[in-house]
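Enquirer: How does the following fold in three dimensions:
(one chain, ligands or ions: 2)
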Amino acid sequence: MGNGVLSPQVETLDVFVELFSGIDRSETEPGEFYNRLCEALCRLTSMRRAVLMLYDDSLARVVAAGSHGIDPSLLVDVHGTLDETPVAQRALALDEVQELTPEQLAHEVPARYKGALEITTLTCTPLSAANRWFGVIFADRGGGRFKLTDDERHTMWTLGKLAALAASARIATRQQERARRLYERIELAREVHERVMHRLFGVSLVLSSEVELGPADRERCRSEMREALADLRTALERTLSPQPRRTGTTLREELGRLERGYADVPVEIEWKGDREVPPRLEPLSQAVLGESLRNAVRHATPTVIDIRVKLSAETFSLEVVNDGVMAPSSGTGMGLRLVSLEALQVGGVVEFGAADVGRWRTRLVVPL
Ligand SMILES: Nc1ncnc2c1ncn2[C@@H]1O[C@H](COP(=O)(O)OP(=O)(O)OP(=O)(O)O)[C@@H](O)[C@H]1O
Ligand SMILES: [Mg+2]
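Expert: Residues are numbered from 1 along each chain as shown. Ligands and ions are numbered 1, 2, ... in the order given. Next up is the predicted model:
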């Protein structure tokens, strides 16, 4: 265990400090952090290979978010749901590291993991914190049977807590962002209510009185209406003005991840032109991509999802077309409407609908 002269506890602590000091540096991407965590797990225990699986909200399944000692291309098929992975359920429910014998392995993890895992003893470490389940780490010695020591178990469990903490911090940031946007909407509603409504109400009272209006009354109505319109315009302009929203990644990076098989969605990606997406359009374009992918796996059974990015001096477009659409659209969701609204704010549009038979197209176009 370990290779220095330090006691295991001190070495574990050292690794934690090292991992944590990197986490708030912006150059440490989340994937890199999870790779380093897997690497630390192997360094501090007798494990040789480790894969960290995290729940991905937008795809509603766990996907490999980091690994060590294993060819990442083998991880393409390693994704799944908790239902099909009883060992992960047990690890999370008991909050304990689990060990599986080669005999148990067959029933406890989905068959498509077999490409990545040979018949061997396998361990499963829970990633949970504050009663939330974020995922698990699978680790083994790359073959053969073994039993974990108590020290190893403890180290793995602790690293699991660290990973859960990191995952929850990212989720918390996203939630804060959402809370801030909600607050802005409430502010808009309040402003419209307090200023515009009052003026209009005053005008409606005057207009509905039985008495004939004198020139002064008319003038007051006119000026109140004018003020109300001006207030409304100011409030709307402020809400529509671009609000910087950070995503911590770029469309190009996200497409790269998809292409490398990150989420097991069958994508074909084409990027026309060697320009980059303007930074102000990054959040929107990533939102459209996310919504389209989520929709494709939710509302269809795609065998392929074509993603095309076109960037010229005049326009930016992102098109996502999937096949495998069975039933005609009957949805009344919010996802596409929300991204459409966001697109309007930068003068763009989102078009969507059935393409040809069995295909669905979502397209974002923004003039530059
Ligand atoms: N890729 C797709 N394939 C087939 N149908 C789709 C696809 N994308 C959207 N649809 C249809 O368009 C409807 C509206 O999509 P939209 O994303 O706005 O809402 P939703 O996905 O149903 O709900 P949510 O508010 O969670 O996004 C869907 O309900 C579905 O019927
Ligand atoms: Mg949707």
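
Enquirer: So which bits of the helix or strand harbouring residue 223 are buried?
Expert: Following DSSP states H and E, the helix or strand that holds residue 223 is helix 215-240. Neighbour counts over helix 215-240 (16 or more other C-beta atoms under 10 Å) mark 221, 224, 228, 231-232, 235 as buried. C-beta coordinates here come from the backbone N, C-alpha and C atoms, glycine included.

Enquirer: Now do the same contact list for residue 217.
Expert: residue 206 (C-beta atoms under 8 Å, 6 or more residues apart in numbering).

Enquirer: give me that answer again for 10 Å
Expert: Contacts for residue 217 (C-beta atoms under 10 Å, 6 or more residues apart in numbering) come out as 206-207, 209, 211.

Enquirer: Among those, which are located in helices?
Expert: 206-207 (DSSP state H).

Enquirer: Farthest-apart pair in the contacts of residue 217, please.
Expert: 207 and 211 (10.7 Å; C-beta to C-beta).

Enquirer: Okay, now the unreliable bits of the stretch 1-150 of the chain?
Expert: Residues of the stretch 1-150 of the chain meeting the criterion pLDDT under 70: 1-10, 20-30, 57-60, 76-79, 112-119.

Enquirer: now the contacts of residue 217 as CSV including distance to ligand 2, neighbour count and pLDDT?
Expert: Compiled in CSV, those are given as follows (distance: C-beta to the ion, whole Å; neighbours: other C-beta atoms under 10 Å; pLDDT from 0 to 100):
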residue, distance to ligand 2, neighbour count, pLDDT
206, 46, 14, 83
207, 44, 11, 84
209, 50, 9, 82
211, 54, 7, 81
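
Enquirer: got the contacts of residue 217 as TSV, with distance to residue 339 columns?
Expert: Shown next, in TSV, are these (distance: C-beta to C-beta, whole Å):
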residue	distance to residue 339
206	43
207	40
209	47
211	51
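
Enquirer: Considering the contacts of residue 217, which is situated nearest to residue 313?
Expert: residue 207 (52.0 Å).

Enquirer: got a list of what the closest residue to the closest one other than its chain neighbours touches?
Expert: Using C-beta to C-beta, 6 or more residues apart in numbering and skipping the chain neighbours, the partner closest in space to residue 207 is residue 221 (6.8 Å). Counting by C-beta under 10 Å, 6+ apart, residue 221 makes contact with 199, 202-207, 213.

Enquirer: one more time with 7 Å
Expert: Shown in contact with residue 221 (C-beta atoms under 7 Å, 6 or more residues apart in numbering): 203, 206-207.

Enquirer: From these, pick the one nearest residue 336.
Expert: Looking across those and measuring by C-beta to C-beta, the closest to residue 336 is residue 203, at 37.5 Å.

Enquirer: who in the stretch 151-300 of the chain is up against ligand 1?
Expert: 291, 295-296, 298-300 (C-beta under 6 Å from any ligand atom).
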